[in-house]
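1. Below is the structure, and that's it, no one-letter string:
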Ligand SMILES: [Zn+2]
């Protein structure tokens, strides 16, 4: 970053530039915008960032972010308790739940296995998952980890662990294949291979 930028501004720009989607230039633009805001608004944003850690908790049941523990999803008595949908990150749970078609429980794994990025099994929240399964209430674990190589490896790893330690729990995964509205001729080979592998009988 340019050395002529005054230090207080430079400190902010350097921090903002670490956010996803913001490089040094857009970070500087964001910082300049903050300077133009009415002071009360800039301070309110600062307070929100300052208080973020104090007011936000990890739900002890699912590992999701919430203002309360347990989070509203885990505390909801209307949701079924014998099915858990396992997602890698909390924002995947938000997206899935926005659909309103799944009424079971969630758990957040906290990432995916990525040996090249030093993400091993110890960096995943497996303890929370095994404690939950050990309670004996869950009959099915749905793996909703994605369709990347890391997701595949993680799904295989979790499925093996669950089968060995909790044989009474069925492990399923989200279907993979051709997205809605897509044509077969435009699909890549791997998508087609999986579409064939996970084909379904017509009702
Ligand atoms: Zn929760």
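-> Now that the structure is in, tell me what you want to look at. The structure presented is a predicted model; accordingly, all values stated were derived computationally and were not measured.

2. Point out where this structure drops to low pLDDT.
-> 1-3 (pLDDT under 70).

3. Next, the residue nearest to the spatial centre of it: phi, psi?
-> Note on the chain: the residue nearest the mean C-alpha position is residue 89, at 1.5 Å, using CA atoms, centre = their mean. Main-chain dihedrals, residue 89, degrees, to the nearest 10: phi -130, psi 160.

4. That one and the ion, how far apart?
-> 14 Å (CB to the ion, to the nearest Å). C-betas here are computed from N, CA, C, even on glycine.

5. so what's that residue up against?
-> 108, 110, 111 (CB atoms under 8 Å, 6 or more residues apart in numbering).

6. The first one - how many residues pack around it?
-> Residue crowding around residue 108 was assessed by other CB atoms under 10 Å; the count is 23.

7. Bridged to it, which residues?
-> Beta bridges link residue 108 to residue 87, judged by DSSP bridges.

8. which residues does it contact?
-> Counted by CB under 8 Å, 6+ apart, residue 108 has contacts 62, 63, 64, 86, 87, 88, 89, 90, 93, 125.

9. Next, work out how far apart it and the ion are.
-> Computed as CB to the ion, the residue 108 to the ion distance reads 8 Å.

10. now do residue 164
-> To the ion, residue 164 is 26 Å away according to CB to the ion.

11. what comes up buried for the helix or strand that residue falls within?
-> Assigned by DSSP states H and E, residue 164 belongs to helix 149-165. Buried positions in helix 149-165, judged by neighbour count with 16 or more other CB atoms under 10 Å: 150, 151, 152, 154, 155, 158, 161, 162.

12. Could you check how many residues crowd around the residue lying closest to the first one once chain neighbours are set aside?
-> Looking back up the chat, that one is residue 150. In space, and not counting its chain neighbours, residue 150 is closest to residue 112: 4.1 Å by CB to CB, 6 or more residues apart in numbering. Neighbour count for residue 112, taken as other CB under 10 Å: 22.

13. The helix or strand where residue 44 lies packs against which elements?
-> Following DSSP H and E, one finds residue 44 within helix 39-55. Helix 39-55 makes packing contacts with helix 24-36 when contacts are defined by 3 or more CB pairs under 8 Å, 6 or more residues apart in numbering; DSSP states H and E.

14. Same question for the helix it packs on: list its buried residues.
-> 27, 28, 31.

15. Once you drop chain neighbours, what's closest to residue 16?
-> residue 27 (3.8 Å).

16. Does that neighbour touch residue 10 like I think?
-> No - contact criterion CB atoms under 8 Å: residue 27 and residue 10 do not qualify, at 10.2 Å.
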